[in-house]
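In: My questions are about this predicted structure, shown below with the sequence.
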Amino acid sequence: MGGDPLELPEDIRDGFEAAASILDEYDKFRIYTHYDADGISSAAVLSRALMRSQKGFHTSFLSSFPEKLSSDLPLIFTDFGNSHLDRLNQLDQPVIVLDHHNTDIGVEAGKEKIFINPHDFGINGAKEVSGGTLSFLLAIAFDEKNWSQSVYGLAGAAADKQNIGGFTGLNNKIVEEAVKRGKLEVRNRLYLDGEGIEDSLMKACDPYFPGISGRKATIKKILKEIGLDSSTPVNEISSDKDRELTSILVLSLMENNIPTHIVESIKGKDFIDDENGLSVEILYKLLNSCARVSKPGLGLSLCLGDPSAKEKAEKLRDDYREQMIRRLRVIEEEGIEQMDHIQYFYEEKRTRKGELAGLGMLYILSQEKPTIGLTKIDDRVDISCRATKKLVKSGIDLGLFCREIARKLDGSGGGHDIAAGATIPLNKDKKFLELMDEHVGKILG
Ligand SMILES: [Mn+2]
């Protein structure tokens, strides 16, 4: 395999070689993968690799470990499985597990059992390699021709937020080698996409530009001033005009006191597959759109080259962006409720409030207070909390606060320091907000 340029630790390379010989030896496989975008990306890479070699496979997308496993085919688990190695080790058939989640396993793999967890080899699975890129490493160990699948693997890594500030570690080595082999082309671009620049700005919700996103008249005016035709594709904007447009967009964020590292993240490298024009940025957002509405199969079909699947995924992405833009504009124009140390809003749709709180926190709202989104559902209130890196640095730990407060209110909660959530009984939402305000206040003073 192209192992050397990737500088893989020898023992993990042995693992991929052993897994590749299982792919060689058998003709049909059962793939179980996580139902999120990285899981789709993992399945895409392996499906494409197996199809090229005329091998059969059957794929299932799962949110939790299956109750019943296929009884005879070799099993491949991607982007999950690490918590169940004991059970998998006892099966008769070959099992390959490619999972980057850090689970302390300590299971010695038995005959024809290959468990590849990057953390076991000193590789940071949270930042440097994902289910998609692990699957890609297996694909190239199986057949070097699979270097052409790199865009699919890297889309998974990007979906797992491993491209924030640029790919690092193993992901980055894959990028560099794929570029060297002529499989990917690097382009520096604004992270916008749509039919043309006007459409892209109309739908720009991540990044979101205060005062600009979703406002047709303003966008037309800006484009006219710069002398840009509204239908110009984003990647065909000349570098002069790109610079002018970028500075206007940057200004809209600076005026809202958005921190520099966020402002800088509106533009960056994208990696384009020369064969089909798909890019890592565009592909991972399409896969996220499919996963968001529980249609991972659609994402897989799109990766397998089905043009109608691509159109459907684009439609899902655009519908979602329109919804988000509508809500973000309201948040921007009307503001949200303020307490001394937190800010909050109520949202009707449960699945959107976390993302709204996240995008609001990033691009619109006061950076000095954590943002809380609440949704009432039946007999409970679902809550999402988002902070900034700076708030976390000053000692805010939303995961801990959510756990403690929810427990006090007969609910449950937890998560990360910067993003967390809770579910509490109905009518305890005001109390939750008071306690959260108090917790945050104790830290920020
Ligand atoms: Mn993953």
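Out: Cool, got the structure.
In: Starting from the longest helix that the chain contains, tell me the next helix or strand along the chain.
Out: Criterion DSSP state H: the longest helix present in the chain is helix 307-334. Per DSSP states H and E, the first helix or strand lying C-terminal to helix 307-334 is strand 337-338.
In: can you list the weak-confidence ranges in this structure?
Out: 1-4, 104-105, 350-351 (pLDDT under 70).
In: Run through the residues of it sitting next to the ion.
Out: 38, 79, 130-131, 160 (Cβ under 5 Å from the ion). Bear in mind the C-beta positions are built from the backbone N, C-alpha and C, glycine included.
In: Reformat those as a markdown table; add neighbour count and secondary structure.
Out: Putting those into a markdown table (neighbours: other Cβ atoms under 10 Å; DSSP: H, G, I helix; E, B strand; the rest coil) gives the following:
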| residue | neighbour count | secondary structure |
| --- | --- | --- |
| 38 | 32 | helix |
| 79 | 31 | coil |
| 130 | 35 | coil |
| 131 | 33 | helix |
| 160 | 25 | coil |
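In: nearest to the ion, of the residues you listed?
Out: Nearest to the ion out of the residues of the chain next to the ion is residue 38 (Cβ to the ion; 3.3 Å).
In: Next up, the contacts around the closest one.
Out: Residue 38 makes contacts with 79, 130-132, 156-157, 159-160, as judged by Cβ atoms under 8 Å, 6 or more residues apart in numbering.
In: ok, now with 6 Å
Out: Taking Cβ atoms under 6 Å, 6 or more residues apart in numbering, we find residue 38 in contact with 79, 130-132, 156, 159-160.
In: re earlier: list the buried residues in the longest helix of the chain.
Out: Under the neighbour-count criterion of 16 or more other Cβ atoms under 10 Å, helix 307-334 has 309-310, 312-314, 316-318, 320-321, 324-325, 327-329, 331-332 buried.
In: and the residues of the chain next to the ion as a markdown table, adding distance to residue 413?
Out: Below are the residues of the chain next to the ion laid out as a markdown table (distance: Cβ to Cβ, whole Å):
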| residue | distance to residue 413 |
| --- | --- |
| 38 | 25 |
| 79 | 25 |
| 130 | 27 |
| 131 | 27 |
| 160 | 23 |
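In: Looking at those, spot the one nearest residue 274.
Out: residue 130 (22.4 Å; Cβ to Cβ).
In: what's the neighbour count on the residue lying closest to residue 142 once chain neighbours are set aside?
Out: Spatial nearest neighbour of residue 142, chain neighbours left out: residue 20 (4.3 Å); criterion: Cβ to Cβ, 6 or more residues apart in numbering. When counting by other Cβ atoms under 10 Å, one arrives at 21 neighbours for residue 20.
In: Touching, residue 20 and residue 140? I think so.
Out: No - using Cβ atoms under 6 Å, residue 20 is not in contact with residue 140; the gap is 8.8 Å.
In: got CSV for the contacts of residue 38, with distance to residue 390 too?
Out: Shown next, in CSV, are the contacts of residue 38 (distance: Cβ to Cβ, whole Å):
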residue, distance to residue 390
79, 31
130, 27
131, 31
132, 31
156, 29
159, 25
160, 23
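In: Show me the beta-bridge partners of residue 375.
Out: Residue 375 has these beta-bridge partners by DSSP bridges: residue 382.
In: check contacts around the residue nearest the centre of the chain.
Out: Compute the mean C-alpha point of the chain, and by Cα atoms, centre = their mean the closest residue is residue 159, 2.4 Å away. Contacts here follow Cβ under 6 Å, 6+ apart; on that basis residue 159 touches 37-38, 284, 287-288.
In: Is the residue nearest to residue 142 in a helix, a strand, or coil?
Out: helix (DSSP: H, G, I helix; E, B strand; the rest coil).
In: ok, back up a step: once you drop chain neighbours, what's closest to the residue nearest to the centre of the chain?
Out: Nearest non-adjacent residue to residue 159 (Cβ to Cβ, 6+ apart): residue 37, at 3.5 Å.
In: Roughly how far does the one you found sit from residue 251?
Out: Going from residue 37 to residue 251 by Cβ to Cβ, to the nearest Å gives 32 Å.
In: And those two? Which one has more around it.
Out: When residue 37 and residue 251 are compared for neighbours, residue 37 comes out ahead with 29 against 14, by other Cβ under 10 Å.
In: With residue 178 as the reference, measure out to that one.
Out: 19 Å.
In: rewinding a little: nearest to residue 205 among the contacts of residue 38?
Out: Once Cβ to Cβ is applied, the member of these that ends up nearest residue 205 is residue 159, at 16.5 Å.
In: Can you pull the phi/psi pair for that closest one?
Out: Residue 159 has phi and psi values of phi -60, psi -30 when expressed as degrees, to the nearest 10.
In: who touches the residue lying closest to residue 324 once chain neighbours are set aside in this structure?
Out: Leaving aside its chain neighbours, residue 324 sits nearest to residue 205 (4.2 Å; criterion: Cβ to Cβ, 6+ apart). Shown in contact with residue 205 (Cβ under 6 Å, 6+ apart): 321, 324-325, 328.
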